[in-house]
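Student: Structure for the following, please:
(2 chains)
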Amino acid sequence: MDLLADLFSNFWVSLGGKLLLVAMMIPLVGMVIGFAEMKLSAKMQYRVGPYFAGGRWGWAQLIADGVKFFQKEDIIPDDADRPVFKFAPILVLIGTVALLVVIPFGPSLIFRDLDVGIFYALAISSLSTIGILMAGWSSANKYSLIGGLRAAGQLIAYELPLVLAVVGSVILAGTMSMQGIVEAQIEAGYPYVIFQVVGFVIFMIAALAELTRIPFDMPIAESELVMGYLTEYSGFRFLFFFLAEFANMFTMSAIAATLFLGGYWLPGIPEDVLEFAGPIILIAKVFLLVFVMIWFRWTFPRFREDQLQGLAWRWLVPLAFVNIAVTATLKVLL
Amino acid sequence: MTIDADTIHHLSEVQVSVELQTEDMTLNIGPQHPSTHGVLRLVARVDGERCFDVQPVIGYMHRGYEKLSEVRTYPQVTTIINRIDWVSGYANEVPFIVAAEKLMELEVPERAQFIRLILTEMARISSHLVFNASYPLELGAATPLFFALRERERVLDLLESVTGGRFHPNFNRIGGVKPAYGSGSTTRKQLQDLPAGFLGGTRNAMEKVLESVDQLEALVADNEIILARTRGVGVLPPEVAAAYGVSGPNLRASGVPFDLRKTQDYLPYDRFDFKVVTAENGDCWDRWWVRLQEIRESAKIIQQAIDSIPSGDLQAKVPKVIKVPKGETYVRAENPKGEMGYYLVSDGGQGPYRLKIRSASFSNLSILPWILEGILVPDIIAIMGSLDFVLGDVDR
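Tutor: You can find the predicted model right below:
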């Protein structure tokens, strides 16, 4: 036992262990959410969804899909910018992995509690859009190019409301550390969503846009751009994007849950239980938000690019500013 | 406000030269593309998201049906022509058969005419349901597809129970409709009729269809994003529509109450009470709405027809070898996609001497360069989808 404790107190070993854990979370979370999406969309459309793989409810469908992707030929277009083309999916996935680092799963269950945790998370979350832009540019395909540029435009438009929506919670908590924000909510005794409904809604809308999911999936837009920036990708590179999308849904929802829904904490649960119950509570909240995203995905049509910009600049940004002003005023007054 | 094509072109050019000196990009949409309804190719000159010139390239699906029908006998031609607009195969057969009957001066039994009418309206419902399935999908909403296609299945099942075919019924014969059994010899005449339970089944199905139209309307109509994407997009003024020969729901959506069912006598539509659905603005939304309402009207026509279907023969007396007397005629019909016309020239032989097919989608598609000028790339898809053409109907 001592030996084990010694081993894990070693910096490099613990770093390696943490990295392995994070790296394993991505495919796991991706598969769970992917499966949920398949089954839920089937439910909404009077279908059965995956059925045969794995013998019962088709639970092994995503594993089978993953294996299939690895067997596929890795096709790179002749005119593609090869290094960029190859690196883009990796960059998208790196962004996702790096986001998981600052999410607190319990009072002491966090990979790294940074003082500027939320700042770091928002900065890193735009990394995947750069990956998308790279994918679109390097594919040597006009549809991919339009898709990549749309993603870039979307990023610029929605990064601002995303950041501004967060500010309200940061003001209330008085810290930018993710762990600190949760602790502040425990101390206050209520999740911040009660006073930050506007911030929460803006954050979720902007997160949907960042994730390029319907109603903001213009970078992919099957009916217009074939598959957008994914058009030329196949095999495991496509799988990387696919996993990153679902894992990003998880991390974005986790950030929203941490900032607005009290993170790993539920009112009425004693502190010492949180150590074990924390991850379960957080993941339950995350899946609630993920469910809402999937629900939107299968019930909404898609906006047009200019309408999306209008929504961001004419509604979300001013609304977020009002939210900040009101929150700051109340914080000073009360 | 009227802006002619030149002005739009000019405006877009001015904008481009003032803002940034960028090179145009030629974007090839199709022939293989998820939302070109087959093999349409659009060559679009775009500047970013703005596209200022679109040229449709057609012919990828040309099958030479006009020429093929010259070397076939009249009964054989129906197999070809119900593949023109395969989404409403049955409706294509009727006007051709009526044209041949007109030249032969045949009196078609009433029961056969009613059966033709019922099945034509079923084809219209199924075609419009396909549109209602695919159009939200083009705007990004995947779920209405399943609602609409599920309802279409009811209609197709009924069509199949009568004709044996879901898409290509090949059910019409010169002088009536296909005998249910055998070759139509006198000994088997009593067997030639609709399958048992068809009328009751149709009545039920029509109620279900009307219900599902309400559902679809509730699901799609009030959606803010759908409204934002379709209202005021792709406005087609009536003069322009008429000038390009646009017909069918696309023309009615622009406010022109042009419906050949009311004016032509190819089927006994005059005995039924139905509205010609028109809308005012002529935008994508109106085109969608008109089609949805037409499903209702068609269901009403079918309900009335079932209640008043006369008994009697299914076929007029026709010779074993059908020869159409020398002459020429033009029969036009209101197909789900618009006006379908057959110009039939006969030299007295067993097959047409010349058959000119006027298909609705071809003329409806000719509006594309005009309507797609100076719009955004996503609107190309929204407008193209709302015109509801089928490439088989364009290329023939």
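Student: Show me which residues of the stretch 51-200 of chain A sit near chain B.
Tutor: A:142-143, A:146, A:149-150 (Cβ under 8 Å from any Cβ of the partner chain). In short, each C-beta sits where N, CA and C put it, glycine included.
Student: please redo it, this time with the cut-off set to 10 Å
Tutor: A:142-143, A:145-146, A:149-150, A:153 (Cβ under 10 Å from any Cβ of the partner chain).
Student: which stretches of the stretch 1-150 of chain A aren't confidently modelled?
Tutor: Along the stretch 1-150 of chain A, the parts satisfying pLDDT under 70 run over A:1-8.
Student: and whichever residue of it sits closest to chain B, what does it touch?
Tutor: With Cβ to the nearest Cβ, the shortest gap between the stretch 1-150 of chain A and chain B falls at A:Gln45, namely 4.1 Å. Listed by Cβ atoms under 10 Å, 6 or more residues apart in numbering or on different chains, the contact set of A:Gln45 reads A:298, B:142-147, B:149-150.
Student: Name only those of these that count as buried.
Tutor: Buried members of the contacts of A:Gln45, counted by 16 or more other Cβ atoms under 10 Å in any protein chain shown: A:298, B:142-147, B:149.
Student: remind me which residues of the stretch 51-200 of chain B are low pLDDT?
Tutor: B:179-192.
Student: near chain A, which residues of it show up?
Tutor: So the stretch 51-200 of chain B meets chain A at B:134-147, B:149-150 (Cβ under 10 Å from any Cβ).
Student: Return the closest of these with respect to chain A.
Tutor: B:Gly140 (2.9 Å).
Student: my guess is that closest one is in a strand, correct?
Tutor: No - assignment of B:Gly140 by DSSP: H, G, I helix; E, B strand; the rest coil gives coil, placing it outside any strand.
Student: can you give me the helices for chain A?
Tutor: Taking DSSP state H, the helices of chain A run over residues A:2-9, A:11-44, A:61-71, A:82-100, A:117-125, A:127-138, A:142-173, A:178-188, A:197-210, A:222-225, A:235-260, A:271-299, A:305-310, A:317-333.
Student: tell me which residues in the third one are buried?
Tutor: Buried residues in helix A:61-71, defined by neighbour count with 16+ other Cβ under 10 Å: A:61-62, A:65-66, A:69.
Student: before we move on, what about stretch B:155-169?
Tutor: Buried residues in stretch B:155-169 (16+ other Cβ under 10 Å): B:155-156, B:158-159, B:162-163, B:167-169.
Student: Kindly report the same for stretch A:178-197.
Tutor: Quick answer for stretch A:178-197 (16+ other Cβ under 10 Å): A:178-186, A:191-193, A:195-196.
Student: residues in contact with the closest residue to chain A within the stretch 151-300 of chain B?
Tutor: Relative to chain A, the nearest point of the stretch 151-300 of chain B is B:Ile225 (4.8 Å; Cβ to the nearest Cβ). Listed by Cβ under 10 Å, 6+ apart, the contact set of B:Ile225 reads A:214-215, A:300-304, A:307, B:139-141.
Student: Shouldn't B:Gln55 be within a strand?
Tutor: Yes - assessed with three-state DSSP, B:Gln55 lies in a strand.
Student: So what sits opposite it in the bridge?
Tutor: B:Val43 (DSSP bridges).
Student: In space, not sequence, find me the middle residue of chain B.
Tutor: Geometric centre of chain B, nearest residue: B:Lys337, 2.5 Å, by Cα atoms, centre = their mean.
Student: correct me, but that residue touches B:His37?
Tutor: No - the pair B:Lys337 / B:His37 is not scored as a contact, 11.1 Å apart, by Cβ atoms under 10 Å.
Student: who touches both of these two?
Tutor: In contact with both B:Lys337 and B:His37: B:87, B:361, B:387-390, B:393-394, using Cβ under 10 Å, 6+ apart.
Student: Distance check, A:Phe195 against A:Met252.
Tutor: With distances taken as Cβ to Cβ, to the nearest Å, A:Phe195 is found 21 Å from A:Met252.
Student: quick one on the thing from earlier: return the member of the contacts of A:Gln45 nearest to B:Gln315.
Tutor: B:Leu149 (34.2 Å; Cβ to Cβ).
Student: hang on, the earlier thing: closest to B:Val377 among the contacts of B:Ile225?
Tutor: Of the contacts of B:Ile225, the one sitting nearest to B:Val377 (Cβ to Cβ) turns out to be A:Arg304, at 9.2 Å.
Student: contacting residues for residue 118?
Tutor: No chain in the question, so chain A it is. A:102, A:163, A:166-167, A:169-170, A:173, A:175-178, A:180-181, A:255, A:258-259.
Student: think we crossed wires, I meant chain B
Tutor: B:158-159, B:162, B:194, B:198-199, B:202, B:267, B:298, B:301-306, B:309.
Student: Could you name the specific helix or strand carrying it?
Tutor: helix B:110-138 (DSSP states H and E).
Student: Same question for B:Asn28.
Tutor: strand B:25-29.
Student: Report the angle between that strand and helix A:142-173.
Tutor: Inter-element angle recorded for strand B:25-29 and helix A:142-173: 100 degrees (by axes from the mean of the first three to the mean of the last three Cα atoms, to 10 degrees).
Student: Report the mean confidence score over strand B:25-29.
Tutor: Summarised as a single mean, pLDDT over strand B:25-29 is 82.
Student: same question, stretch B:39-49
Tutor: Rounded mean pLDDT across stretch B:39-49 is 82.
Student: So for stretch B:244-257, what gets flagged as buried?
Tutor: In stretch B:244-257, counting by 16+ other Cβ under 10 Å, buried: B:244-256.
Student: From those residues, which land in helices?
Tutor: Using DSSP H, these in helices are B:249-253.
Student: okay, the residues you listed in JSON lines with pLDDT and distance to chain A next?
Tutor: As requested, these are exported to JSON lines (pLDDT from 0 to 100; distance: Cβ to the nearest Cβ, whole Å):
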{"residue": "B:Pro249", "pLDDT": "89", "distance to chain A": "21"}
{"residue": "B:Asn250", "pLDDT": "89", "distance to chain A": "20"}
{"residue": "B:Leu251", "pLDDT": "88", "distance to chain A": "25"}
{"residue": "B:Arg252", "pLDDT": "89", "distance to chain A": "24"}
{"residue": "B:Ala253", "pLDDT": "88", "distance to chain A": "20"}
